[in-house]
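Novice: structure here, sequence nowhere to be found:
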Ligand SMILES: N/C(=N\O)NCCC[NH3+]
Ligand SMILES: [Mn+2]
Ligand SMILES: [Mn+2]
Ligand SMILES: [Mn+2]
């Protein structure tokens with residue numbers, strides 16, 4: 001099978017420098033050879049160089065920061081991911097901040113309108129134009145994908161609201177804004193917080209999440225993994241760490257279980273920021289990122 005590494009060195013969805021270095025660190029840690037030894041034919045056509053929209057030409061739209069840049073990059077990512085999915089390749093998108101998922105999931109849905117999304121994250125990334133307080137678009141991709149914004153933004157008209165609330169399930173939530181909590185409830189979105197992980201165990205939680213969005217196990221799966229879903233002791237080098245996260249094994253179990261379905265069509269590993277912690281912590285975070293990708297692409301313990 002063919003995997004396509006899509007390096008997305010992008011940080012425009014959030015304010016911290018360094019998350020654009022994620023892709024180069026994962027690739028330099030040997031990810032491509034690691035996937036090849038799993039039997040994947042791996043393409044890597046270099047990190048996508050997104051020509052920056054310079055700041056002057058990109059003033060905030062309302063509170064949204066870098067709005068034109070984020071839109072332009074996500075549109076490019078949607079086309080890239082869509083073209084690989086369309087060719088039956090499995091795009092492994094390495095971020096870069098999680099705003100990129102507006103692009104990756106749009107790409108997947110353009111070829112698999114019946115796809116479901118498993119979103120692994122401490123955060124819901126569900127803020128709308130109306131509910132966001134920060135204007136950082138990496139906290140908003142899911143609202144654009146679901147079409148929840150009341151105020152249409154012309155620059156984002158390209159995002160088709162193809163995703164429906166019954167096709168996304170969250171695992172790992174523990175830092176959800178009030179507005180996002182309301183939207184989760186109002187839209188009946190399946191969300192397994194760390195409370196449910198503690199209560200049921202990760203095995204049951206993954207089963208329940210798949211039962212919710214993929215009851216007959218016949219829908220393609222797009223797995224979008226924000227490394228801040230993991231406990232900061234496991235993945236310290238990330239922009240918005242939150243205590244009480246997934247263990248190393250819980251994170252890997254999710255990837256292993258999704259691989260086992262045989263339905264994975266696209267994988268995102270997001271928010272690795274190697275510049276935020278000391279070198280060892282950064283290295284450990286990068287290694288966890290590579291390890292999660294390997295598990296999602298079929299590495300097993302036995
Ligand atoms: N890492 C983040 N999302 O996954 N930060 C933005 C969310 C803060 N409400
Ligand atoms: Mn390409
Ligand atoms: Mn996220
Ligand atoms: Mn997050």
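Specialist: Arrived safely, thanks for sending. Please read these numbers as outputs of a predicted model, since none were measured by experiment. Numbers count the residues shown, from 1 in each chain. Ligands and ions are numbered 1, 2, ... in the order given.

Novice: distance of the residue of the chain positioned farthest from its centre from residue 69?
Specialist: Among the C-alpha atoms of the chain, the one farthest from their average position, using CA atoms, centre = their mean, is that of residue 56, at 28.5 Å. Distance, residue 56 to residue 69, using CB to CB, to the nearest Å: 12 Å. Using the backbone N, CA and C atoms, a C-beta is placed for each residue, glycine as well.

Novice: which residues of the chain fall in strands?
Specialist: 2-7, 41-44, 90-94, 116-120, 168-173, 190-193, 221-226, 264-270 (DSSP state E).

Novice: export the ones you listed as CSV, with columns for mean neighbour count.
Specialist: Below are the strands of the chain laid out as CSV (neighbours: other CB atoms under 10 Å):
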stretch, mean neighbour count
strand 2-7, 22
strand 41-44, 15
strand 90-94, 25
strand 116-120, 26
strand 168-173, 26
strand 190-193, 21
strand 221-226, 27
strand 264-270, 26
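
Novice: between these, which gets nearest to ligand 3?
Specialist: Nearest to ligand 3, of all the strands of the chain, is strand 221-226, at 3.5 Å by CB to the ion.

Novice: returning to that earlier point: kindly reformat the strands of the chain as TSV containing distance to residue 290 and mean pLDDT.
Specialist: Listed next are the strands of the chain as TSV, based on distance: least, CB to CB, whole Å; pLDDT from 0 to 100:
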stretch	distance to residue 290	mean pLDDT
strand 2-7	11	90
strand 41-44	13	92
strand 90-94	10	97
strand 116-120	16	99
strand 168-173	19	99
strand 190-193	25	99
strand 221-226	12	98
strand 264-270	9	98
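
Novice: tell me how far stretch 181-201 lies from the chain's centre.
Specialist: 18 Å (CA atoms, centre = their mean, to the nearest Å).

Novice: just confirm yes or no for that stretch near ligand 4.
Specialist: No. Applying CB under 5 Å from the ion, one finds stretch 181-201 separated from ligand 4 by no less than 12.8 Å.

Novice: can you tell if that stretch touches ligand 1?
Specialist: No. Interface with ligand 1: stretch 181-201 contributes nothing (CB under 6 Å from any ligand atom), its closest point being 11.3 Å away.

Novice: neighbouring contacts of that stretch?
Specialist: By CB atoms under 8 Å, 6 or more residues apart in numbering, the residues outside stretch 181-201 that reach it are 124, 126, 128, 131, 143, 146, 148, 165-166, 168-174, 176, 205, 208-209, 212-213, 244-246, 250.

Novice: tell me the buried residues in that stretch?
Specialist: Neighbour counts over stretch 181-201 (16 or more other CB atoms under 10 Å) mark 183, 184, 189, 190, 191, 192, 193, 194, 196, 197 as buried.

Novice: which one is the residue in the stretch 151-300 of the chain that ligand 1 sits nearest to nearest to, not counting chain neighbours?
Specialist: Closest approach between the stretch 151-300 of the chain and ligand 1, counting by CB to the nearest ligand atom: residue 240, at 3.9 Å. In space, and not counting its chain neighbours, residue 240 is closest to residue 228: 5.6 Å by CB to CB, 6 or more residues apart in numbering.

Novice: so how far is residue 93 from that neighbour?
Specialist: In terms of CB to CB, residue 228 sits 16 Å off from residue 93.

Novice: and the stretch 201-302 of the chain, which residues reach ligand 1?
Specialist: Residues of the stretch 201-302 of the chain lying near ligand 1 (CB under 6 Å from any ligand atom): 226, 228, 239, 240, 271.

Novice: most neighbours out of the residues you listed, which is it?
Specialist: Counting neighbours by other CB atoms under 10 Å, residue 271 leads these with 32 neighbours.

Novice: enumerate the residues of this protein near ligand 3.
Specialist: So the chain meets ligand 3 at 98, 121, 125, 226 (CB under 5 Å from the ion).

Novice: same for ligand 4: which of the residues you listed are within range?
Specialist: 121, 226.
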